[in-house]
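Student: coords below, sequence missing:
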């Protein structure tokens, strides 16, 4: 399997590459020429917004959203043939926020951790769809 992710440096791209490397039934190819299948993924950059607000109007929880589209193509002698495609996949996860209780660095680490979890969950959804169709 060859992975083509746009953007290449997204949390989803990293989660997919890790999951593909861990899968004993899949070998991650460096180039499309050396692969039976090509996984093209777009999206995967996290966004966040307040998910819960207290009575004083201060956010107490944030939601991280991660969305992506993907296409799995099979390489054949005739070229690349579509196997499965999904648009608009989305995963949401939340993390607590306490204004003033922790440092901005800790809050940023919480946000990154939530984004990694969402990316891992979305990667598993994509790989599950691939396993069913390839």
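Tutor: Looks like it arrived, so ask away. Values in this document were obtained by computation on a predicted structure and should not be read as measured data.
Student: how far away is residue 45 from residue 23?
Tutor: 24 Å (Cβ to Cβ, to the nearest Å). Bear in mind the C-beta positions are built from the backbone N, C-alpha and C, glycine included.
Student: Just confirm residue 125 contacts residue 91, I think it does.
Tutor: Yes - counting by Cβ atoms under 8 Å, residue 125 does reach residue 91; the two are 7.2 Å apart.
Student: more neighbours, those two?
Tutor: Of the pair residue 125 and residue 91, residue 91 is the one with more neighbours under other Cβ atoms under 10 Å, namely 20 against 16.
Student: Can you name the helix or strand that that one falls in?
Tutor: Residue 91 belongs to strand 79-96 when assigned by DSSP states H and E.
Student: Name every strand pairing with that strand and say which way it goes.
Tutor: Strand 79-96 has the following sheet partners, assigned by DSSP bridges: strand 59-76 (antiparallel).
Student: Please identify the buried residues of the strand it pairs with?
Tutor: Across strand 59-76, burial judged by 16 or more other Cβ atoms under 10 Å covers 59, 62-75.
Student: what's the spacing between that strand and its chain's center?
Tutor: Remark: strand 59-76 is offset 5 Å from the chain centroid, using Cα atoms, centre = their mean, to the nearest Å.
Student: repeat for stretch 94-103
Tutor: Taking the mean of its C-alpha atoms, stretch 94-103 sits 24 Å from the chain's own mean (Cα atoms, centre = their mean).
Student: Just the endpoints, please. Distance across it?
Tutor: Terminal residues of stretch 94-103 are spaced 18 Å apart (Cα to Cα, to the nearest Å).
Student: for this protein, what spans make up the strands?
Tutor: Secondary structure of the chain (DSSP state E): strands at 2-6, 37-43, 47-53, 59-76, 79-96.
Student: okay if I get the ones you listed as TSV plus mean pLDDT?
Tutor: As requested, those are exported to TSV (pLDDT from 0 to 100):
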stretch	mean pLDDT
strand 2-6	96
strand 37-43	96
strand 47-53	91
strand 59-76	93
strand 79-96	92
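Student: now for those strands, which one comes closest to residue 31?
Tutor: strand 2-6 (6.4 Å; Cβ to Cβ).
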